[in-house]
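Student: my questions are about this predicted structure, shown below with the sequence.
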Amino acid sequence: MPSSGTNSQGNHYNTPGGTNSSQGSSYHYSNSNGSYYYANDNGSTYYNSGNGSATYTSASGSSKTYSTSK
């Protein structure tokens, strides 16, 4: 059952809300500081800081951080 709301930190969330899923255990947060976070059904996660960097972590636990600035 999809749900959304705002948590106590003022961050908006949607579940399910992975990058390409409308069901399952995925979710995403859109944070009040401009960052956002995805957790996908396959166990991978993606975090964008909103200030020029992002981190992707695979289901196996290996992570990669890269620049998102133009």
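Tutor: Received, thanks. Numbering: from 1, shown residues only.

Student: for T68, which residues are in contact?
Tutor: 48, 52-54 (C-beta atoms under 8 Å, 6 or more residues apart in numbering). Heads up, the C-betas are built off the backbone N, CA and C, glycines and all.

Student: filter those to the buried ones?
Tutor: 48, 54 (16 or more other C-beta atoms under 10 Å).

Student: could I get the contacts of T68 as JSON lines with secondary structure and pLDDT?
Tutor: JSON lines is the format used below for the contacts of T68 (DSSP: H, G, I helix; E, B strand; the rest coil; pLDDT from 0 to 100):
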{"residue": "N48", "secondary structure": "strand", "pLDDT": "92"}
{"residue": "G52", "secondary structure": "coil", "pLDDT": "93"}
{"residue": "S53", "secondary structure": "strand", "pLDDT": "95"}
{"residue": "A54", "secondary structure": "strand", "pLDDT": "94"}
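
Student: can you put the contacts of T68 in JSON lines and add distance to S67?
Tutor: As requested, the contacts of T68 are exported to JSON lines (distance: C-beta to C-beta, whole Å):
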{"residue": "N48", "distance to S67": "11"}
{"residue": "G52", "distance to S67": "6"}
{"residue": "S53", "distance to S67": "6"}
{"residue": "A54", "distance to S67": "8"}
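
Student: which one of the contacts of T68 is nearest to S60?
Tutor: A54 (18.6 Å; C-beta to C-beta).

Student: setting the sequence-adjacent residues aside, check what's closest to the closest one.
Tutor: Spatially, and ignoring its direct neighbours in sequence, A54 is nearest to N48 (4.3 Å; C-beta to C-beta, 6 or more residues apart in numbering).

Student: I'd say that neighbour and S30 touch.
Tutor: No - in this structure, N48 is not within contact of S30 by C-beta atoms under 8 Å, at 10.1 Å.
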